[in-house]
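Asks: mind folding the following:
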Amino acid sequence: MNLADPSEIFYEYLRRIGHVVDLAAEPGIPISALHLGAGALTLARYIQATRPGSKQYAVELERELLDFVLQKLPMPDGAMLTTHIGDARDALAELPAEVMFDVVILDIFSGPEAPAHIACREFYEEAASRLRPDGVLIINVGDEPALTLVRSQVAALRQAMPDVAAFAETGMFAGRYPGNIVLVGTCKPWSPDWTAQLLARGPHPATVLTGVELDSITG
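Replies: Numbering: from 1, shown residues only. As a prediction, the model looks like this:
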């Protein structure tokens, strides 16, 4: 993490998520974002740097991790970030009914042993109900070459949201090695312009699958 320039992101999959967030509203416009799985707050810092004034919530299961991050890597002055310790699904349900988001980011999955109460259609429906009319649900899926978790999560997300896209390094879709695939659920039909912009921004080589092309990995 580059604390001097939080808009610079090292990990490829996090850069891809950041580029999806870039499309969620006009450049520089503050947004409301929910991070389920706070990690080192990399994406919260990115949003604060690229969209000053954004209101953000971050949920992390491990108190020790979040305490360590906030102590060693403090958020920049002016950041409007509320943190919460607990389970992602429980925390989502506990938010006040009037709190809605432009972006919900889920970064919890790290392999086939994903928490069943989160890796399911019902959870995605609950998350989608917290999105504003043009909101976006972004899910990082870390998976093995067989893409078993990716396939199941595409199917679940498709049941919960009007449209779904998958964005990753091109070789990931061939199932040759483990890695990350970013799934994006949208409240309206996926825009071909979003595909073009994501492919242009990379990291390269990149592929975006939607519609019948996405069927190829769900079987």
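
Asks: who are the contact partners of the residue nearest to residue 70 when sequence neighbours are not counted?
Replies: Distances taken as C-beta to C-beta, 6 or more residues apart in numbering place residue 83 nearest to residue 70, at 7.4 Å, with adjacent residues excluded. The C-beta positions use only the backbone N, C-alpha and C, and glycine is treated the same way. Taking C-beta atoms under 8 Å, 6 or more residues apart in numbering, we find residue 83 in contact with 38, 57-60, 66, 70.

Asks: adding pLDDT and neighbour count, write those out as CSV.
Replies: Below are these laid out as CSV (pLDDT from 0 to 100; neighbours: other C-beta atoms under 10 Å):
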residue, pLDDT, neighbour count
38, 90, 26
57, 98, 22
58, 97, 23
59, 97, 25
60, 95, 23
66, 94, 20
70, 94, 15
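
Asks: ok, so of the residues you listed, who is nearest residue 116?
Replies: residue 59 (18.1 Å; C-beta to C-beta).

Asks: got the phi and psi for the closest one?
Replies: phi -120, psi 130 (degrees, to the nearest 10).

Asks: state the distance from it to residue 88.
Replies: Look at residue 59 and residue 88: by C-beta to C-beta, to the nearest Å, they are 5 Å apart.

Asks: and for those two, which residues touch both?
Replies: 36-37.

Asks: so what sits opposite the residue nearest to residue 70 in the bridge?
Replies: residue 58 (DSSP bridges).

Asks: please enumerate the helices of the chain.
Replies: 12-23, 42-50, 63-72, 88-94, 121-128, 148-160, 192-201, 211-218 (DSSP state H).
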